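In: structure for this input, please:
(one chain, ligands or ions: 2)
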Amino acid sequence: MSADNPFRRTKIIFTLGPATDSEAMLEALFRAGADIVRLNMAHANHEWTRTVIRRIRAVSLRLGREVGIMMDIKGPEIRTGDLAAPIELRPGEIFDFTVRGGAPGDSPEEVRSVGVNYADLVKDVAVGDTVLVDNGLIRLEVLARNETRLRCRVLIPGPLGSRRHINLPGVKVNLPAFTDKDRRDTAVGIEENIDFVALSFVRSAADVEELRAFLAEHKSHARIVAKIEDRSAIDNLAEIVRACDALMVARGDLGIECPFEELPGIQRRAVRMCLSYGRPVIVATHMLESMIQQPVPTRAEITDVANAVYERSDCVMLSGETTVGKYPLECVQMLDRIARRVEAEDDAPAAPPPELTSEKTKLLHSAVVLANDLPDSRILTFTRYGFMARSLAALRPQRAPILAFTPSIELQRQLRLLRGVEPYVMPFGSEPDITIENAIVFLRNKGLIAPGDKLIIATDILSQDRLIDAVQLRTVR
Ligand SMILES: Nc1ncnc2c1ncn2[C@@H]1O[C@H](COP(=O)(O)OP(=O)(O)O)[C@@H](O)[C@H]1O
Ligand SMILES: C=C(OP(=O)(O)O)C(=O)O
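Out: Numbers count the residues shown, from 1 in each chain. Ligands and ions are numbered 1, 2, ... in the order given. From the prediction side, this is the model:
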């Protein structure tokens, strides 16, 4: 397909923050092709959350481009508290992490300190252990501990800002998978009708099931994204992939919790496993990190993004680049540009399909085989619950986009996550044939198909009063 192909297959997620939460910036980012907005609940209060969700919906409506909203809840994540101003930690400095309101009274005047959101930190960590702060940028060694504080020595110094993430590699943290804060955050998300909940530090399938039960109890249809971030997630990868609706390779934390040289292999294995189970997969963090400060990425970053596209991930994700970065719009444009270019030249042979268990998925597989055989064809499908679109996306057609029609706006937003799927909202007609005809007229009016184009239509059709599964080949007239 040509480089001016209107359909980018790889989807773009960006994290919302002060750099991007204005109406004007949202509009620019949606026009640039952003598919999903992520809200990181480590940094968001409920008032801001509600305000920005409503703003996103209003801008979507105005532009006629519905995007998905992903609420990223923090799970068993340990963070430092708020600081009025960053503390510049010095090499060799003695520094306290305090819990249960301990210190400053508990610490001598010359020892500086910060609060931590996890009271049992002082129990889980032993003298001699390493504490890493802010994605591993700052390193401390534990010298002593009591009920209310950990006393440490700074080994690798740096500036300590507000709500910095603490990693304790190898330490089994005794926090629940789905915390009270997560429940409160998710309840707000459900009220505001979010499309995805991303659960941080998923350690087993049971963690995903706990969130699923909560969503069901609150009658939410939000899809669950399991973030794999540590060693237990890697050990239990297959069961987590089976339990979730999508996986996120959260490389920020993975690169700290596991030896960093293992990260490329872990990414490759996780993406392949998702493809083999037909689960969507997101590659996240540091994709364009240098663009937080600079308007152009490094060559290595360009290649990293391309690699995620070559691996056939569903989505690539931006974090600091769009929360606090100087060039958020340029970052989305850059991902768009790299993905389109790589997709245009990707002529790798079709990947082996995921295990096809039902007759219906076998039929859809035949539709994808046909599409791969017909240059410049498009797949059309009609989906009420997303099954058809998800199954087709999982089969990774090589070039043909999957144009998915649904009567549900919620489903349209959720389908934005899927590689190769372009979702459209359209009421369904009284008979499948009428719906297909309406879809073709819609696409022609939008200039998305032209006479002579081949359409492979995967849907059920009415035959002598019976609905039968069918794959049709039509040429646009
Ligand atoms: N809603 C927000 N409000 C203010 N700052 C934010 C927000 N979301 C993210 N940030 C800032 O952007 C940085 C990078 O974003 P992200 O990767 O989502 O966070 P983190 O690395 O803290 O998990 C954060 O460390 C934080 O300083
Ligand atoms: C996406 C990640 O999680 P967070 O930004 O929430 O720490 C990550 O660690 O890569």
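
In: which strand or helix spans the most centrally placed residue in the chain?
Out: For the chain, the residue sitting closest to the mean C-alpha position, by Cα atoms, centre = their mean, is Ile282 at 5.0 Å. For Ile282, the enclosing helix or strand under DSSP states H and E is strand 281-284.

In: still on that earlier bit, am I right that the residue nearest to the centre of the chain is in contact with Glu311?
Out: No: in this structure, Ile282 sits apart from Glu311 without contact. The criterion is Cβ atoms under 8 Å, and the distance is 11.7 Å. For every residue, glycine as well, the C-beta is placed using N, CA and C.

In: roughly how far is the strand holding Ile282 from the heart of the chain?
Out: 6 Å (Cα atoms, centre = their mean, to the nearest Å).

In: so what's Ser2 scoring on pLDDT?
Out: At Ser2, the pLDDT value in this model is 41.

In: can you give me the helices for the stretch 251-400 of the chain?
Out: For the stretch 251-400 of the chain, helices defined by DSSP state H, counting those that start in this stretch occupy the ranges 251-257, 263-277, 299-310, 320-323, 328-345, 359-373, 387-394.

In: reformat these as JSON lines; add mean neighbour count and distance to Leu132.
Out: Formatted as JSON lines, the entries for the helices of the stretch 251-400 of the chain read as follows, by neighbours: other Cβ atoms under 10 Å; distance: least, Cβ to Cβ, whole Å:
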{"stretch": "helix 251-257", "mean neighbour count": "22", "distance to Leu132": "6"}
{"stretch": "helix 263-277", "mean neighbour count": "17", "distance to Leu132": "15"}
{"stretch": "helix 299-310", "mean neighbour count": "17", "distance to Leu132": "22"}
{"stretch": "helix 320-323", "mean neighbour count": "25", "distance to Leu132": "17"}
{"stretch": "helix 328-345", "mean neighbour count": "20", "distance to Leu132": "26"}
{"stretch": "helix 359-373", "mean neighbour count": "18", "distance to Leu132": "44"}
{"stretch": "helix 387-394", "mean neighbour count": "24", "distance to Leu132": "37"}
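
In: which one of those lies closest to ligand 1?
Out: Closest approach to ligand 1 among the helices of the stretch 251-400 of the chain is made by helix 320-323 (3.4 Å; Cβ to the nearest ligand atom).

In: on contacts alone, who are the packing partners of that closest one?
Out: The helices and strands touching helix 320-323, judged by 3 or more Cβ pairs under 8 Å, 6 or more residues apart in numbering; DSSP states H and E, are strand 11-15, helix 328-345.

In: and of these, who's closest to Leu61?
Out: Evaluated with Cβ to Cβ, these place strand 11-15 nearest to Leu61, the distance being 19.2 Å.

In: the strand holding Ile282 and ligand 2, any residue contact?
Out: Yes: when contact is scored as Cβ under 6 Å from any ligand atom, part of strand 281-284 falls within range of ligand 2: Ala284.

In: touching that strand from outside, list them.
Out: Identification of contacts with strand 281-284 by Cβ atoms under 8 Å, 6 or more residues apart in numbering yields 13, 225, 227, 246-252, 267, 270-271, 274-275, 308, 311, 313-317, 319, 417.

In: could you list the paired strands of it along with their orientation?
Out: Note on strand 281-284: by DSSP bridges, its sheet partners are strand 246-250 (parallel), strand 315-318 (parallel).

In: export the ones you listed as a markdown table, with columns for mean neighbour count and mean pLDDT.
Out: Formatted as a markdown table, the entries for the strands paired with strand 281-284 read as follows, by neighbours: other Cβ atoms under 10 Å; pLDDT from 0 to 100:
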| stretch | mean neighbour count | mean pLDDT |
| --- | --- | --- |
| strand 246-250 | 27 | 98 |
| strand 315-318 | 26 | 98 |
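
In: got the residue ranges for the strands in the stretch 1-150 of the chain?
Out: Counting by DSSP state E, counting those that start in this stretch, the segments of the stretch 1-150 of the chain that form strands are 11-15, 36-40, 68-73, 78-79, 87-89, 94-98, 112-115, 130-133, 138-145, 149-156.

In: for ligand 2, give me its nearest residue in this protein.
Out: Relative to ligand 2, the nearest point of the chain is Gly252 (2.9 Å; Cβ to the nearest ligand atom).

In: contacting residues for Pro401?
Out: With contacts taken as Cβ under 8 Å, 6+ apart, Pro401 has the following neighbours: Phe7, Arg9, Arg378, Ile379, Gly420, Val421, Glu422.

In: also near ligand 2: which of those, exactly?
Out: Filtering the contacts of Pro401 for neighbours of ligand 2 using Cβ under 6 Å from any ligand atom leaves an empty set.

In: need the residues you listed in a markdown table (columns: neighbour count).
Out: Compiled in a markdown table, the contacts of Pro401 are given as follows (neighbours: other Cβ atoms under 10 Å):
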| residue | neighbour count |
| --- | --- |
| Phe7 | 17 |
| Arg9 | 27 |
| Arg378 | 24 |
| Ile379 | 28 |
| Gly420 | 27 |
| Val421 | 28 |
| Glu422 | 20 |
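
In: which of those fall in helices?
Out: Of the positions in the contacts of Pro401, not one sits in helices, assigned by DSSP state H.

In: and the residue nearest to the centre of the chain, what's its pLDDT?
Out: The score at Ile282 is 98. That number is its pLDDT.

In: got it, and the one 10 residues further on?
Out: As predicted, Ile292 sits at a pLDDT of 98.

In: distance check, the closest residue to it other than its chain neighbours against Asp35.
Out: In space, and not counting its chain neighbours, Ile292 is closest to Gly325: 4.0 Å by Cβ to Cβ, 6 or more residues apart in numbering. Note on Gly325: its distance to Asp35, by Cβ to Cβ, to the nearest Å, is 19 Å.

In: please apply the same query to Thr10.
Out: Per Cβ to Cβ, Thr10 is found 9 Å from Asp35.

In: with Glu239 instead?
Out: Here Glu239 is placed at a distance of 28 Å from Asp35 (Cβ to Cβ).

In: again with Ile194
Out: Plainly put, Ile194 is 15 Å away from Asp35 if you go by Cβ to Cβ.

In: neighbour count for Glu239 and Asp35, which is higher?
Out: Ranked by neighbour count (other Cβ atoms under 10 Å), Glu239 and Asp35 place Asp35 first, with 25 against 13.

In: which ones are touching the more buried one?
Out: When contacts are counted by Cβ under 8 Å, 6+ apart, Asp35 is found next to Lys11, Ile12, Ile13, Val67, Gly68, Cys315, Arg416, Leu417.

In: then Val59?
Out: Taking Cβ under 8 Å, 6+ apart as the test, what Val59 contacts is Glu23, Leu26, Glu27, Phe30.

In: give the closest residue to it in space, chain neighbours not counted.
Out: In this structure, Val59 finds its nearest non-sequential neighbour in Leu26, 4.6 Å apart by Cβ to Cβ, 6+ apart.

In: equivalent analysis for Glu437, please.
Out: Gly429 (7.8 Å).

In: just give me the neighbour total for that neighbour.
Out: 13.

In: and for the one 5 residues further on?
Out: As a burial measure, the neighbour count of Ile434 was computed by other Cβ under 10 Å and equals 12.
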